[in-house]
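> Compute the structure for the input listed below.
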Amino acid sequence: MIKLKNIIIWALVIANAFFLAFFLGRIIKEQGEKKETLANLSALFSRNGIHMDAANIREGGELTELHISRDITRERRLAETLLGPVEMTENGGIYTYDAGTKGQAVFRSGGAFDIKFPGHIYDAVTSARSTAKSILQTMGVETFSLDVTGEKGYETAEAICSWERSPIFNCRIRLIFKDGSLYEIIGTYPADIEATVKKADMTSCVTSMTYFLSEVKNGRISCGQVLSVEPGYRLKAAGDIISAVWRVQTEPGVYYYIDAGTGGIEPDA
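Residues are numbered from 1 along each chain as shown. The predicted structure is shown next:
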């Protein structure tokens with residue numbers, strides 16, 4: 001009986017090892033094919049006078065198209081969380097929450113907002129970065145990145161919002177510090193997000209980048225090099241749809257968005 005058990009155990013070990021080897025072999029093969037595809041794409045751009053390093057292309061998985069709606073109750077709650085009791089006024093869809101000497105918050109459609117603090121309400125005791133992170137968490141905003149610039153006491157912390165760890169490139173929040181204290185929070189944030197049934201395959205950027213190359217060749221986009229390509233989201237101008245896009249950086253500070261569904265290309269505002 002013991003001998004039979006040992007035979008069964010070893011048979012299972014060998015079977016698992018076989019399936020593991022098969023699985024790893026398939027992954028290695030797919031990675032090799034992907035590298036070759038990106039190398040061919042880079043060569044295509046090079047033949048058209050555009051330098052693009054395939055190593056700077058980041059591809060992902062599947063992204064779900066998102067729908068956002070405005071939540072007035074949440075806006076007021078956010079204002080009260082940061083400012084305390086407020087008085088609300090409304091004018092043409094612009095909601096203002098006044099907290100007197102503690103500051104004022106203004107919310108507009110599409111997620112745009114501006115909150116000002118007149119005095120030392122939130123001091124950057126340890127650092128502007130840690131204070132910014134704490135306030136963003138208090139606001140319930142999920143972020144992809146947080147960068148801080150400026151001299152000590154007069155820093156600006158800029159966060160890119162995200163959904164399920166994927167960046168929403170044009171939803172950015174800036175926290176401005178003056179004299180070591182938070183002076184203003186301004187930007188755009190995705191208020192109430194709902195996932196739709198529509199999905200975008202972001203495992204390959206080849207089709208979208210071919211559209212981009214076509215626009216360059218037609219003279220509608222000026223581009224001598226592509227510094228990076230990465231997947232993520234973009235809030236549409238209408239303010240209610242967040243679409244899956246490829247963000248293409250052509251030179252420092254110059255970005256284009258390629259809609260993964262339609263192929264439409266727009267510059268970063």
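
> what about Met209, neighbour count?
If you count neighbours by other Cβ atoms under 10 Å, Met209 ends up with 22. For glycine as for every other residue, the C-beta is placed from the backbone atoms N, C-alpha and C.

> Kindly report the same for Tyr154.
Residues near Tyr154, counting by other Cβ under 10 Å: 14.

> Extract the residue ranges of the stretch 51-200 of the chain that are flagged as low pLDDT.
Within the stretch 51-200 of the chain, no range satisfies pLDDT under 70.

> the helices in it, which residues?
Ranges of helices within the stretch 51-200 of the chain are 72-83, 128-139, based on DSSP state H, counting those that start in this stretch.

> Quick one: residues in contact with the last one.
In other words, helix 128-139. With Cβ atoms under 8 Å, 6 or more residues apart in numbering as the test, helix 128-139 has contacts from 78, 81-82, 122-125, 143, 146, 148, 150, 155, 157, 159, 173, 175, 177, 182, 185, 189.

> if we go to 7 Å?
78, 81, 122, 124, 143, 146, 148, 155, 157, 159, 173, 175, 177, 182 (Cβ atoms under 7 Å, 6 or more residues apart in numbering).

> quick one: the closest residue to the last one other than its chain neighbours and Gly180, what's the gap?
Meaning Leu182. With Cβ to Cβ, 6 or more residues apart in numbering as the criterion, Leu182 has its nearest non-adjacent residue at 3.9 Å, and that residue is Tyr122. Remark: distance between Tyr122 and Gly180 (Cβ to Cβ, to the nearest Å) = 10 Å.

> So for those two, which residue has more residues nearby?
Neighbours were tallied for Tyr122 and for Gly180 using other Cβ under 10 Å; the higher tally belongs to Tyr122 (20 against 15).

> Could you dump the helices of the stretch 51-200 of the chain into TSV and include mean neighbour count and distance to Gly103?
What follows is the helices of the stretch 51-200 of the chain, written out as TSV (neighbours: other Cβ atoms under 10 Å; distance: least, Cβ to Cβ, whole Å):
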stretch	mean neighbour count	distance to Gly103
helix 72-83	16	5
helix 128-139	17	13
